[in-house]
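Trainee: predicted coordinates and the sequence they were generated for:
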Amino acid sequence: MFQELTSRFENIFRKLKGHGKLTPENIGETMREVRRVLLEADVNFKVAKEFIAAVEAKAIGTDVLKSITPGQQVIKVIHDELALLLGGSDAPLREANLPPTVIMVAGLQGSGKTTFCGKLAKFLKSRNRRTMLVAADLQRPAAVEQLRVVSQAAGAEFFSQANSTPLEVCRASIGEARQRTLDTVILDTAGRLHVNDELMQELEAIKHATKPNEILFVADGMTGQDAVNTAQAFLQRLDFSGVVLTK
């Protein structure tokens with residue numbers, strides 16, 4: 001999705017920089033193309049409308065139109081507004097005052113949670129963090145073994161517990177991490193094909209028992225606007241602290 005957006009924006013910007021002089025008219029034409037690109041990328045129409053309005057308000061300003069490089073100035077405005085739309089600033093993962101830091105990963109089945117857990121563990125290892133992946137997905141067949149393989153590939157510790165519930169596994173993993181002197185625990189929780197109360201009760205219990213420093217909601221980047229509805233359901237019950245788009 002982002003690669004496609006990048007390619008489309010590059011074509012728009014190439015045309016924009018080709019204008020020797022910018023006017024409200026050709027800026028308006030550029031904004032229409034930007035709006036079309038956003039809508040075709042399945043961006044919510046209200047978000048696209050507000051984004052275009054914010055860019056136009058700044059791009060048609062006197063400082064931009066009379067600058068030496070007006071095309072570059074408009075591109076900067078679009079860049080700044082896109083950054084603002086995506087959050088505006090860098091927000092590093094929160095860490096526990098007393099190790100281990102607990103990161104709970106949640107989302108629907110098939111969203112890519114387990115693979116993301118491995119990627120996150122590998123990223124943290126590059127930051128000299130000693131991480132343990134916890135197999136709390138006891139719903140999906142072979143999920144435990146999959147996480148074991150992912151852990152080995154990521155160079156992370158692994159924890160599972162036979163004949164236990166997801167809650168018992170997560171609770172036990174905290175003490176195990178302390179015994180192994182690890183500084184980060186990543187809980188790979190179970191998903192479902194759709195949001196249901198059983199899943200949410202299980203996740204709420206794990207949250208209450210482990211008091212995670214971060215709760216990351218994982219969504220398939222190919223889902224489109226329907227992911228917003230799922231995210232809202234998870235937010236109401238879990239109050240997650242971050243969103244991860246996979247694939």
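Mentor: That came through, no problem.
Trainee: tell me who's in contact with S164.
Mentor: Neighbouring residues of S164 by CB atoms under 8 Å, 6 or more residues apart in numbering: 138, 172. The way it works is simple: take the backbone N, C-alpha and C, and place the C-beta from them, glycine included.
Trainee: ok but it is inside a helix, no?
Mentor: No. Residue state for S164 (DSSP: H, G, I helix; E, B strand; the rest coil) corresponds to coil; a helix is not indicated.
Trainee: domains of this structure?
Mentor: 2-85, 101-246 (automatic domain parsing).
Trainee: and those domains, which one is worst for confidence?
Mentor: Out of the domains of the chain, domain 2-85 stands lowest, with a mean of 79 (criterion: mean pLDDT).
Trainee: distance between it and the chain's centre?
Mentor: Put simply, domain 2-85 sits 24 Å off its chain's centre (CA atoms, centre = their mean, to the nearest Å).
Trainee: if we can go back for a sec, just the domains of the chain: most buried one?
Mentor: The highest average neighbour count among these, using mean count of other CB atoms under 10 Å, belongs to domain 101-246 at a mean of 18.
Trainee: going by residue numbers, what spans are strands in the protein?
Mentor: 101-107, 131-136, 157-159, 184-189, 214-220, 242-246 (DSSP state E).
Trainee: measure T30 to H79 for me?
Mentor: The gap separating T30 from H79 is 14 Å, by CB to CB, to the nearest Å.
Trainee: L85 too?
Mentor: Counting by CB to CB, the gap from L85 to H79 is 11 Å.
Trainee: kindly report the same for V43.
Mentor: Distance check for V43 against H79: by CB to CB, it reads 16 Å.
Trainee: now do I52
Mentor: Distance from I52 to H79, by CB to CB: 15 Å.
Trainee: reformat the domains of the chain as JSON lines; add distance to R94.
Mentor: As requested, these are exported to JSON lines (distance: least, CB to CB, whole Å):
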{"stretch": "domain 2-85", "distance to R94": "22"}
{"stretch": "domain 101-246", "distance to R94": "5"}
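Trainee: can you tell which of these is closest to A91?
Mentor: domain 101-246 (7.6 Å; CB to CB).
Trainee: then stretch 104-115 to PDB, C-alphas only?
Mentor: Extracted C-alpha coordinates of stretch 104-115, given in PDB (Å, rounded to 0.1, in the frame of the first residue of the first chain):
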ATOM      1  CA  MET A 104       1.100  -7.600  24.800                       C
ATOM      2  CA  VAL A 105       0.300  -8.300  21.100                       C
ATOM      3  CA  ALA A 106      -3.300  -8.600  20.200                       C
ATOM      4  CA  GLY A 107      -5.400  -8.800  17.000                       C
ATOM      5  CA  LEU A 108      -7.600 -11.100  14.900                       C
ATOM      6  CA  GLN A 109      -6.500 -14.500  13.700                       C
ATOM      7  CA  GLY A 110      -4.400 -14.300  10.500                       C
ATOM      8  CA  SER A 111      -3.400 -10.700  11.000                       C
ATOM      9  CA  GLY A 112       0.300 -11.600  11.400                       C
ATOM     10  CA  LYS A 113       0.700 -11.300  15.100                       C
ATOM     11  CA  THR A 114       3.200 -14.200  15.500                       C
ATOM     12  CA  THR A 115       5.400 -13.000  12.700                       C
END
